[in-house]
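Student: no sequence for this one, just the structure:
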Ligand SMILES: NC(=O)c1ccc[n+]([C@@H]2O[C@H](COP(=O)([O-])OP(=O)(O)OC[C@H]3O[C@@H](n4cnc5c(N)ncnc54)[C@H](OP(=O)(O)O)[C@@H]3O)[C@@H](O)[C@H]2O)c1
């Protein structure tokens, strides 16, 4: 798959690196230092990153979303996997929640793109660990949601490539629940004593078999 990374920081830098290792063709973009992009690998402008991409990862701070989208240009028909959370400037609170979500607000900004909300429920610190453990039988879960079946399939593949078990949480509006859930994960990751390398796993007991 050709993957364009918009925002090559903690999330974009790591996820892009992992996908490149998994065999995808990744183009990194949008960092303040050209040097940093160079170190990550193939890179370009946001427009170049999205131009031929089968999937675009949006991984910028909420305050940079409009800017990076403007720089990216036409996103019609593109699958946008967004890990961006609608956080305020000092990252202490969600600025959109309950009656909408960052992912839904994003979909309104780019109505012709197909937005999938994914990867925003885990700390960046756990990503390489999950990738390293991907051949183990019990994978951690990763919830994702979106309104377009084809794009969700692409997202699920990318989730699997990192080493998670993709959990389809339904339509994009379910991001109203997954985004606040991340604040719980962040509390456990960053305020606990055991470090931020935290993932989660949903278990089912009995009940209906698929
Ligand atoms: N970090 C996590 O664990 C985590 C977990 C879940 C969700 N998220 C969400 O994922 C998104 C990305 O988070 P992150 O932690 O990866 O952020 P980050 O490390 O700050 O990365 C953001 C990227 O945007 C670039 N950038 C910022 N301002 C810019 C500007 N004016 N011009 C060009 N590039 C600019 C940064 O450049 P530089 O590299 O030069 O700084 C960096 O590459 C956020 O919405 C966050 O809420 C993060």
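Tutor: Received, thanks. Here the structure is a predicted model, which means the values were calculated and not measured.
Student: Residue 137: how many residues sit nearby?
Tutor: Residues near residue 137, counting by other C-beta atoms under 10 Å, number 4. The C-beta positions use only the backbone N, C-alpha and C, and glycine is treated the same way.
Student: Check residue 97 too.
Tutor: 16.
Student: Contacts only, for it.
Tutor: By C-beta atoms under 8 Å, 6 or more residues apart in numbering, the residues touching residue 97 are 86, 176, 179, 180.
Student: Give me the contact list for whichever helix or strand the third one is part of.
Tutor: What that stands for is residue 179. In this assignment (DSSP states H and E), residue 179 forms part of helix 175-191. The contact list for helix 175-191 (C-beta under 8 Å, 6+ apart) reads 85-86, 94, 97-104, 117, 120-123, 125-126, 143, 145, 169, 195-198, 200.
Student: cool, and stretch 138-150?
Tutor: 79, 103, 107, 114-119, 121-122, 126, 130, 133, 152, 155-156, 159, 162-175, 178, 181, 199-202.
Student: The same query, at a cut-off of 7 Å, please.
Tutor: Counting by C-beta atoms under 7 Å, 6 or more residues apart in numbering, stretch 138-150 makes contact with 114-119, 121-122, 130, 152, 155-156, 159, 163-172, 174-175, 178, 199-202, all of which sit outside it.
Student: Buried residues, it. List them.
Tutor: 139, 140, 141, 142, 143, 144, 145, 146, 147, 148 (16 or more other C-beta atoms under 10 Å).
Student: nearest to residue 18, of these?
Tutor: residue 142 (12.8 Å; C-beta to C-beta).
Student: any idea how far the residue most central in space within the chain is from residue 32?
Tutor: The centroid of the chain falls nearest to residue 83 when counting by C-alpha atoms, centre = their mean (3.0 Å). Separation of residue 83 from residue 32 (C-beta to C-beta, to the nearest Å): 19 Å.
Student: Tell me the one of the buried residues of stretch 138-150 nearest the ligand?
Tutor: Closest approach to the ligand among those (C-beta to the nearest ligand atom): residue 142, at 11.2 Å.
Student: Pull the number of nearby residues for whatever residue of the chain ends up closest to the ligand.
Tutor: Among the residues of the chain, residue 9 lies closest to the ligand, at 1.8 Å counting by C-beta to the nearest ligand atom. Neighbour count of residue 9, defined by other C-beta under 10 Å: 17.
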